[in-house]
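Asker: the following block contains a protein sequence and its predicted model.
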Amino acid sequence: MGFGDLKTPTGLKLLNDFLQERSYIEGYVRSDNDIAVFNAVSSPPPSDLVHALRWYNHILSYCEKTSLPLGVWPLGVKRPLGEYGYAAPAAASKDDEEDFDLFGSEDEEESAEAARLNEERIAAYNAKKAKKPALIAKSSILLDVKPWDDETDMEKLEECVRSIVMEGLLWGQSKLVPVGYGIRKLQIGCVVEDDKVGTDILEEQITAFEDFVQSMDVAAFNKI
């Protein structure tokens with residue numbers, strides 16, 4: 001089949017497509033095969049046929065650099081021009097014609113296989129996604145716990161507060177902060193899971209120690 005007439009747009013287009021992923025007509029080095037096709041082209045291909053033009057200029061520059069006359073090359077075995085390029089499709093044998101499926105059963109099998117593989121990939125992705133742990137929303141809360149008066153045992157008050165145990169609640173650091181008249185409040189931090197512990201529950205639990213706690217306020221609330 002070859003390239004056909006390389007002096008025609010059709011032949012040059014075939015050459016350009018052929019050289020899209022190739023540097024030479026055959027193999028990985030310059031050879032007489034390139035010269036045979038080069039001579040058949042006879043003039044630079046149009047600029048829009050970038051692959052053919054690149055190859056043509058490369059072969060031309062080598063000839064000019066080495067002063068080799070066109071048709072003389074150190075490598076390869078020159079063959080008839082029609083044998084270069086795309087191979088002609090082999091003639092179908094009688095057995096091939098008998099085996100030919102008019103309705104494209106082979107294509108249908110390939111489509112079914114592709115669909116099956118795609119379904120497997122989707123199932124594997126969904127299974128992997130399901131295994132990922134769900135993101136747990138958490139918050140950091142700073143509480144002010146006020147005693148009744150300056151005679152309240154603040155160590156006992158803090159002990160009561162920390163005795164509150166709930167799933168999704170983690171107590172943090174604390175300190176005593178003066179509020180006036182010798183009274184100090186307990187300022188204590190905690191981290192909570194939002195869907196398990198709320199400020200209303202904390203207030204209910206803390207103010208239940210009514211012998212020590214007068215009130216509870218939220219000093220700071222931040223999402224983590």
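Answerer: Right, received. Where do you want to start?
Asker: so Gly2, which of the three states?
Answerer: Following DSSP: H, G, I helix; E, B strand; the rest coil, Gly2 is assigned to coil.
Asker: which strand or helix spans Asp149?
Answerer: Assigned by DSSP states H and E, Asp149 belongs to neither a helix nor a strand.
Asker: could I get the phi/psi values of the closest residue to it other than its chain neighbours?
Answerer: The shortest distance from Asp149 to any non-neighbouring residue, by CB to CB, 6 or more residues apart in numbering, is to Ile183 (6.4 Å). Every C-beta, even on glycine, is put in place using the N, C-alpha and C of the backbone. Main-chain dihedrals, Ile183, degrees, to the nearest 10: phi -90, psi 140.
Asker: bridging residues for Ile183?
Answerer: Here Ile183 sits in beta bridges with Gly180, going by DSSP bridges.
Asker: what sits up against stretch 137-154?
Answerer: 157, 161, 176-177, 179, 181-195, 199, 202, 206, 212-224 (CB atoms under 8 Å, 6 or more residues apart in numbering).
Asker: same check on stretch 156-163?
Answerer: Under CB under 8 Å, 6+ apart, the answer for stretch 156-163 is Val145, Pro147, Trp171, Ser174, Leu186, Ile188, Ile206, Phe209, Phe212, Val213.
Asker: tell me the spacing between the second one and Tyr181.
Answerer: Taking CB to CB, to the nearest Å as the measure, Pro147 falls 12 Å from Tyr181.
Asker: neighbour count: the two, which is higher?
Answerer: Each of Pro147 and Tyr181 has its neighbours counted (other CB atoms under 10 Å); Pro147 has more, 22 against 7.
Asker: low-confidence regions, the chain specifically.
Answerer: 1, 64-108 (pLDDT under 70).
Asker: residue with max distance from the center of it?
Answerer: Relative to the C-alpha centroid of the chain, counting by CA atoms, centre = their mean, Glu151 is the outermost residue, at 63.8 Å.
Asker: of the contacts of stretch 156-163 - the most surrounded one?
Answerer: Ranked by the number of neighbours (other CB under 10 Å), these place Val145 first, at 26 neighbours.
Asker: A strand includes that residue, no?
Answerer: Yes. Assessed with three-state DSSP, Val145 lies in a strand.
Asker: how close does it get to Met154?
Answerer: With distances taken as CB to CB, Val145 is found 9 Å from Met154.
Asker: and what of Leu14?
Answerer: Remark: distance between Leu14 and Met154 (CB to CB) = 93 Å.
Asker: may I see the buried residues of stretch 35-45?
Answerer: Ile35, Ala36, Val37, Phe38, Ala40, Val41, Pro45 (16 or more other CB atoms under 10 Å).
Asker: please flag which of those sit within helices.
Answerer: Ile35, Ala36, Val37, Phe38, Ala40, Val41 (DSSP state H).
Asker: could I get the residues you listed as TSV with distance to Lys129?
Answerer: Below are those laid out as TSV (distance: CB to CB, whole Å):
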residue	distance to Lys129
Ile35	59
Ala36	58
Val37	54
Phe38	57
Ala40	58
Val41	56
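Asker: from those, which single one is nearest Arg116?
Answerer: Val37 (44.6 Å; CB to CB).
Asker: wait, that closest one touches Leu6, no?
Answerer: Yes. The pair Val37 / Leu6 is scored as a contact, 7.0 Å apart, by CB atoms under 8 Å.
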